[in-house]
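>>> sequence unavailable; structure follows:
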């Protein structure tokens, strides 16, 4: 029975001498068994490290539920006092399968109790291989195509992988098997499309895709395991024109970079990104911001270089249908009264329409019957630090505003004219 873990070797005499009692953890291989060719010998626990691959054997074992330790009594030292060596082995879920850990601890307990050794999963106590005691590689940085591995697999223990300037046209399927990845940097490549299996990297916190050839960001990725894990997303210097409606399901996002794309609009429900603190969408083609943008609470905002339109509340875009259609009335009632709905109750296209329902300034919902205008909003209302919107030193931007009826629009117009009188 073998177990890979980290081991600390401690001396019980150090505290009596006023010295620190804790050592430095080392990568090790624990083995429970007998020496080769010694069928009748006792059972030993052997620890092998990179410095001592031959291993040190220990008897008298003891085990606990989440912590395994052993100790060995050595011959008395010159001062006549007994000397004890205590070692503790910590194993996290990322280092070993939970079932393997429980099996190992159970075997150690049975061996200590003197149970029938014939049923114990014993291993021959032989020196460890280099691969058994080497610390797992957690970081790999590749910045040229010639250094990119073509035949070798990536270490499954990787948590940080950077493959930049490698002229990759797609994401390597071997990368999609690295389930422990927390940071993935694929910047400065030629990637045009993202595979749906990228969402299987449920531990991924940072994804850097800037300076590629992306034209879209898949809605399937927004509905995957990245919803909770992804905190930083860099899509700058690509060719994206619009983000999907599902993009606002990435509720864990803290930092979002969209600079130097061809964005014509931002997601209409962007205000649902409640944890977002840093947003950069400079040098795009945004004519205005969605009304939900006012619900953001940012620390830093950069919208420089967008061709924002000049707001004019007196020139509305009227899409009102009088009288309202039955579909419009039912949709408004569903949203206003928060009636549960889903694809099991309604056609999928109706569900999508309800998800993008517009909100009037009075709080009522409207679907396809509305009045639309653009109004000015000072970006300091949503961000502590604002990069100037233009070279004129302004921090105002146009925001879409909707009205569910002529009555709501006329009330707004009266207040607007009075404020400018």
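Thanks, I have it. Since we're looking at a predicted model, the values are computed, not measured.
>>> packing partners for the longest helix belonging to the chain?
In the chain, assigned by DSSP state H, the helix with the most residues is helix 98-113. In this structure, helix 98-113 packs against strand 2-11, strand 26-34, strand 61-63, strand 68-74, with contacts taken as 3 or more Cβ pairs under 8 Å, 6 or more residues apart in numbering; DSSP states H and E. All C-beta atoms are positioned from the backbone trio N, CA, C, and that covers glycine.
>>> tilt between it and strand 26-34?
Helix 98-113 and strand 26-34 meet at an angle of 50 degrees, taking axes from the mean of the first three to the mean of the last three Cα atoms, to 10 degrees as the criterion.
>>> between helix 98-113 and strand 2-11, how many degrees?
Using the same axes, to 10 degrees: helix 98-113 against strand 2-11 is 60 degrees.
>>> helix 98-113: how far from the chain's middle?
Distance of helix 98-113 from the chain centroid (Cα atoms, centre = their mean, to the nearest Å) equals 34 Å.
>>> check stretch 179-195 too.
From the chain centre to the centre of stretch 179-195 is a distance of 13 Å (Cα atoms, centre = their mean).
>>> buried stuff in that stretch?
Going by neighbour count (16 or more other Cβ atoms under 10 Å), the buried part of stretch 179-195 is 180, 181, 182, 183, 184, 185, 186, 187, 188, 189, 191, 194.
>>> rebuild those as TSV, extending it with secondary structure.
Formatted as TSV, the buried residues of stretch 179-195 follow (DSSP: H, G, I helix; E, B strand; the rest coil):
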residue	secondary structure
180	coil
181	coil
182	coil
183	strand
184	strand
185	strand
186	coil
187	coil
188	coil
189	coil
191	coil
194	coil
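>>> out of those, what pair is the most spread apart?
Spatially, the most separated pair among the buried residues of stretch 179-195 is 180 and 188, at 24.0 Å (Cβ to Cβ).
>>> sorry, back to before: list just the nearest of the buried residues of stretch 179-195 to residue 244.
Nearest to residue 244 out of the buried residues of stretch 179-195 is residue 194 (Cβ to Cβ; 11.9 Å).
>>> and that closest one, how close does it get to residue 238?
Plainly put, residue 194 is 11 Å away from residue 238 if you go by Cβ to Cβ, to the nearest Å.
>>> which neighbours do these two share?
Shared contacts of residue 194 and residue 238 (Cβ atoms under 8 Å, 6 or more residues apart in numbering): 209, 214.
>>> hmm, back to that, same question for whichever helix or strand comes after the longest helix of the chain, mean pLDDT?
Using DSSP states H and E, the helix or strand that follows helix 98-113 towards the C-terminus is strand 123-124. Across strand 123-124, the average pLDDT comes to 77.
>>> which residues does strand 123-124 contact?
Against strand 123-124 from outside (Cβ under 8 Å, 6+ apart): 1, 2, 31, 32, 33, 34, 35, 36.
>>> let's see 6 Å
With contact meaning Cβ atoms under 6 Å, 6 or more residues apart in numbering, strand 123-124 is reached by 1, 2, 31, 33, 36.
>>> do stretch 283-297 as well
With contacts defined as Cβ under 6 Å, 6+ apart, stretch 283-297 is touched by 259-264, 266, 268-271, 305-306, 309, 374, 382, 397-401.
>>> good, we can wrap up now.
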